[in-house]
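S.K.: following is a predicted model, sequence given first.
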Amino acid sequence: MVRPNHTSDVRRIERSADGLVRARTSFLVDDKVEDGAVRDTILASWTRSREWDVDTDSVEMSCEYDPEPDSPLTRAATPILADVADELGTEPVSLILTDAEGVVLERRTGDSALNQHLDKVWLAPGFSYAEKFIGTNGIGTALEGRGPVQVFGHEHYVPHLADLACAGAPIWHPVSGKLMGVIDLTCWRPDAGRFMSTAVERMARQIESALLDQSGPRELALLHDYLAACRRNRGAVFAISPDLVMTNDQARELIDPADQTTLVAGATEAMNSGRRLLMVDLPSGAVARVHVRPSWIERGEAGGVLQVQLAAPDIAAKARTPAVAPVTALPTAVGSGLLWTKCCQAVDRHFQSREWIVLEGEAGTGRSTIARATHQMRTPAAHLRVLDADDYSPAWIADIIEEMQTGGGTLVLAHVDRLGETARQTLADALEPHRDSTDPDRPWVVATADVGGLSGEAGADLLDFFPRTVEVPPLRHHVEDVAELVPHLIARLTRGSELTCSPEAMRVLMRNRWPGNVEQLYQVLRKTVARRRAGVLQPSDLPPETRAITRRVLTPLEAIECDAIVDALLDNNGNKAEAARHLGMSRATIYRKIRGYGISTPESGS
């Protein structure tokens, strides 16, 4: 008979149940949890669950999956599940196997009451217990955290699961390193104990061992060579075959996924043709030097290990046609984040080839800024002209014709997606005589547009003039660049005055999602500098909108309401009840609006 041996742990869990209920309520209502009230793993899962907007009032799964009954995972796990289920007998413990999406593949329960309860909460074969569907739980949280986890009672995000306790451990394929699924034990909350965590981790290792036994000699040979290469080599190492790709930490850190795809494709072709050393041009502009060591070759297919070095500039120059080195940072396009840098590099490559491009992105991302910066870095003395489609008129078209006939320099056509169908055709007519010109003095033309703004037949006709489209990332996708943008923009706004940003204020700025992108950040700092022109910026100096961590640009009325709520909260030391009374709204309404606007205050009261 299986019972928890650590009764003191169980009593501690029971005593803390009321505290967990209070902590969870405070988290949902006030976005605040006292230090030490909730384990860090659980608090992180609660936060993810809220981001996924998991329903806390009910447990209803609307999407039922059709899991594969005979997969490598189920074949490896079935004998182990059967042995453990026999040991458990009629104990009130359920043994559950899921795939990597949290979909239940098998559930073995000897206790009828527990079995019925699990059916009621949809913890049954064919249903997914991923966090995005059901919040914090032993299965979904193990998948998100990529490690073993225990969840007791009210630590579950959904109250309907509070009667249960569960422990889950991820199962990894021993050759490919792929996440295969989760093994989970679920029982009634009073029956929980540390034995659960130990048991699931042991079962996970047993299943992984069975998966290894299923692997053929080719996979084992590749795994042996890969591990040996990782021990000998501190650089980037890949193991590739027709069925899998493995990478070490250095490869994941140094080479982004798009570059990895190109590298693996080139190395696979080289391996199959017998080449052992090659240079690969990567989409980012870098060049990779790849040493290929086959582990096996059969019937035109091969698997082996790649040792990769990103080539130094002089090596790269010998391996391909000499060219101007790609730009890593543009002088007036501030930022060194990976996505921003890759965007700048792509634009620079097209400038050097004089290839016309469209810069596509959200408003305020800096599309025209990148075009200007590229021009100023490569040809600072040449002519630059920016024409905004918002100013469309016969004179606007005449200016374009003149720029094209004069030749040389750079022409930026901003917001071309705002042109009507007739205006787009007129623009196309103006560009047509020069689209295929080989004149070295032909202007470099850059068009800017919103994401999807040039879709449709009319947009497609205009895109024919621009062979390439480069996506400019929104600021929320390279938010690390806020730390560089803020001092740059402050210096620009203050004309060099001694004004700096405190670490606390910088943290507030970096927590924002900036739906209005760099332009919104600029306007926020403009308002701030209008009130403080020297010294050190503190969080209290920032305008109210920076305390709203929103996912979209607010309408003018919403912005006014959001600012009013923030001001009321600050005036009442974070007390929401007093702020609601001051604004003439109910407490429930202010709670809803605080959540909706994502308002955060340093201290919150009830």
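M.R.: Nice, thanks for sending it over.
S.K.: count the residues that sit near Asp391.
M.R.: Residues lying near Asp391 (other CB atoms under 10 Å) number 11. Glycine gets a C-beta too; all of them are placed from N, C-alpha and C.
S.K.: what's the answer for Ser215, then?
M.R.: Ser215 is flanked by 16 other residues according to other CB under 10 Å.
S.K.: now swap in Glu106 and tell me
M.R.: Residues near Glu106, counting by other CB under 10 Å: 19.
S.K.: confirm it sits in a helix?
M.R.: No: applying DSSP: H, G, I helix; E, B strand; the rest coil, one finds Glu106 to be strand, outside a helix.
S.K.: any idea how far Ala113 is from it?
M.R.: 20 Å (CB to CB, to the nearest Å).
S.K.: could you find the closest non-adjacent residue to the most centrally placed residue in the chain?
M.R.: For the chain, His477 is the residue whose C-alpha lies nearest the centre (CA atoms, centre = their mean; 7.7 Å). Sequence neighbours aside, Leu339 is the residue nearest to His477 in space, at 5.5 Å (criterion: CB to CB, 6 or more residues apart in numbering).
S.K.: state the distance from that neighbour to Glu471.
M.R.: Leu339 is 9 Å from Glu471, by CB to CB.
S.K.: repeat that for Glu298.
M.R.: In terms of CB to CB, Glu298 sits 41 Å off from Glu471.
S.K.: compare those two (neighbour count), which wins?
M.R.: A count of neighbours by other CB under 10 Å puts Glu471 above the other of Glu298 and Glu471, at 18 against 8.
S.K.: ok, that one - contacts?
M.R.: Cys343, Glu360, Gly361, Val451 (CB atoms under 8 Å, 6 or more residues apart in numbering).
S.K.: make it 7 Å
M.R.: Glu360, Gly361 (CB atoms under 7 Å, 6 or more residues apart in numbering).
S.K.: what does the one 5 residues further on give?
M.R.: With contacts defined as CB under 7 Å, 6+ apart, Arg476 is in contact with Arg513, Trp514.
S.K.: run the last query once more with 8 Å
M.R.: Taking CB under 8 Å, 6+ apart, one finds Arg513, Trp514, Pro515 in contact with Arg476.
S.K.: in terms of pLDDT, where does the residue nearest to the centre of the chain sit?
M.R.: Here the pLDDT value assigned to His477 is 80.
S.K.: cool, Arg3 as well?
M.R.: 39.
S.K.: now Thr469: how far from Ala460?
M.R.: On the measure of CB to CB, Thr469 and Ala460 end up 12 Å apart.
S.K.: compare those two (neighbour count), which wins?
M.R.: Taking other CB under 10 Å, Thr469 and Ala460 do not tie; Thr469 has more neighbours (13 against 10).
S.K.: bridging residues for the residue lying closest to that one once chain neighbours are set aside?
M.R.: In space, and not counting its chain neighbours, Thr469 is closest to Val358: 4.5 Å by CB to CB, 6+ apart. Under DSSP bridges, the beta-bridge partners of Val358 are Ala447, Thr469.
S.K.: count of neighbours near Val358?
M.R.: Neighbours of Val358 using other CB under 10 Å come to 25.
S.K.: could you say what helices and strands the strand ranked longest in the chain packs with?
M.R.: Ordering each strand of the chain by length in residues (DSSP state E) puts strand 287-298 first. Helices and strands touching strand 287-298, by 3 or more CB pairs under 8 Å, 6 or more residues apart in numbering; DSSP states H and E, are helix 217-232, helix 257-273, strand 277-281, strand 301-310, helix 313-319.
S.K.: between helix 217-232 and that strand, find me the angle.
M.R.: Orientation check (axes from the mean of the first three to the mean of the last three CA atoms, to 10 degrees): strand 287-298 against helix 217-232 gives 150 degrees.
S.K.: so for strand 287-298, mean pLDDT?
M.R.: 88.
S.K.: which neighbours does it have in its sheet, and in what orientation?
M.R.: If you go by DSSP bridges, strand 287-298 pairs up with strand 277-281 (antiparallel), strand 301-310 (antiparallel).
S.K.: can you pull the contacts of Pro539?
M.R.: So Pro539 contacts Ser502, Glu504, Ala505, Val508, Pro602 (CB under 8 Å, 6+ apart).
S.K.: look up how far Ile207 lies from the closest residue in space to Leu489 that isn't next to it in sequence.
M.R.: Nearest in space to Leu489, with sequence neighbours left out and distances taken as CB to CB, 6+ apart, is Leu525 at 5.0 Å. Per CB to CB, Leu525 is found 54 Å from Ile207.
S.K.: any idea of the pLDDT on the residue nearest to Thr469?
M.R.: 93.
S.K.: separation between it and Leu521?
M.R.: 24 Å.
S.K.: before we move on, what about His434?
M.R.: Relative to Leu521, His434 is positioned 37 Å away (CB to CB).
S.K.: His383 too?
M.R.: Applying CB to CB to His383 and Leu521 gives a distance of 30 Å.
S.K.: helices and strands around the helix or strand Ala113 falls within, which ones?
M.R.: Here Ala113, judged by DSSP states H and E, is contained in helix 112-120. Counting contacts by 3+ CB pairs under 8 Å, 6+ apart, helix 112-120 packs against strand 93-99, strand 104-109, strand 179-188.
S.K.: can you list the helices and strands that the very next helix or strand once past it packs against?
M.R.: Once helix 112-120 ends, the next helix or strand along the chain (criterion: DSSP H and E) is helix 131-134. With contacts taken as 3+ CB pairs under 8 Å, 6+ apart, helix 131-134 sits against helix 40-51, helix 138-145.
S.K.: which stretch among those comes nearest Arg75?
M.R.: helix 138-145 (20.5 Å; CB to CB).
S.K.: and the closest one, what does it pack onto?
M.R.: helix 40-51, helix 131-134, strand 149-152, strand 164-172, strand 179-188.
S.K.: ok, now with 10 Å
M.R.: Packing partners of helix 138-145 (3 or more CB pairs under 10 Å, 6 or more residues apart in numbering; DSSP states H and E): helix 40-51, strand 93-99, helix 131-134, strand 149-152, strand 164-172, strand 179-188, helix 195-214.
S.K.: listing partners with orientation, what would you give for the fifth one?
M.R.: In other words, strand 164-172. strand 149-152 (antiparallel), strand 179-188 (antiparallel).
S.K.: need the ones you listed in TSV (columns: distance to Val158).
M.R.: Output for the strands paired with strand 164-172, formatted as TSV (distance: least, CB to CB, whole Å):
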stretch	distance to Val158
strand 149-152	11
strand 179-188	14
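S.K.: can you check which of the helices and strands packed on helix 112-120 gets nearest to Thr141?
M.R.: When those are compared by CB to CB, strand 179-188 sits nearest Thr141, at 9.5 Å.
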